[in-house]
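>>> 3D, please:
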Amino acid sequence: MKICLPTTGKNGLTEKVHDHFGSAPCFTIYDTESQGVQVLENDHSHHAHGACQPLGMISGFGVNAVLTSGMGRRAVQLLNEGGIKVYLLDGDTVQEAVDKFAAGELPELTFDNACGGHGCHH
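Now for the predicted structure:
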């Protein structure tokens, strides 16, 4: 399984997670099977509210799940339609968040409990 997290930089498992998916400087993709890490730069980190295109940013990388502390309803819907589940992350680093995901401790983020506007993040 491949898990994508919004991150502030490119330091792999030790990198800090970013507080909002669409505006993160980077995306870190962790492969639970190979334990490999891939980091993508987010060239669309500055976007108007509601203009985030999360599926387009990570498509082609085989991502199965996204961990985030904030994401708008439409972004959640688009990811779900693309076969990607979204979970509310917990942890300061990629490693902490991945460990909690593996332990089944992260709740799924759905259209109903997603962010309705900036300033509502957990």
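>>> name the residue most distant from the centre of this structure?
Taking Cα atoms, centre = their mean as the measure, the residue most remote from the mean C-alpha position of the chain is S34, 19.3 Å away.
>>> so what's that residue up against?
For S34, no contacting residues are found, by Cβ atoms under 8 Å, 6 or more residues apart in numbering. For every residue, glycine as well, the C-beta is placed using N, CA and C.
>>> can you show me the strands along the protein?
2-7, 26-31, 37-41, 65-68, 85-88, 108-109 (DSSP state E).
>>> any idea how far the residue farthest from the centre of the chain is from M1?
For S34, the distance to M1 equals 11 Å [Cβ to Cβ, to the nearest Å].
>>> K85: what's its closest spatial neighbour, skipping adjacent residues?
For K85, the nearest residue in space outside its immediate sequence neighbours is A65; the separation is 5.0 Å by Cβ to Cβ, 6 or more residues apart in numbering.
>>> wait, that neighbour touches L5, no?
No - between A65 and L5 no contact is recorded; they are 9.5 Å apart, counting by Cβ atoms under 8 Å.
>>> ok, those two, which is more surrounded?
For A65 against L5, the residue with the higher neighbour count under other Cβ atoms under 10 Å is L5, and the figures read 27 against 19.
>>> so that one sits against T68, correct?
Yes - counting by Cβ under 8 Å, a contact exists between L5 and T68, whose distance comes to 7.2 Å.
>>> run a quick neighbour tally on G60.
G60 is surrounded by 7 other residues when neighbours are defined as other Cβ under 10 Å.
>>> need the pLDDT of it.
Per-residue confidence for G60 comes out at a pLDDT of 86.
>>> check the burial of A75 by counting its neighbours.
26.
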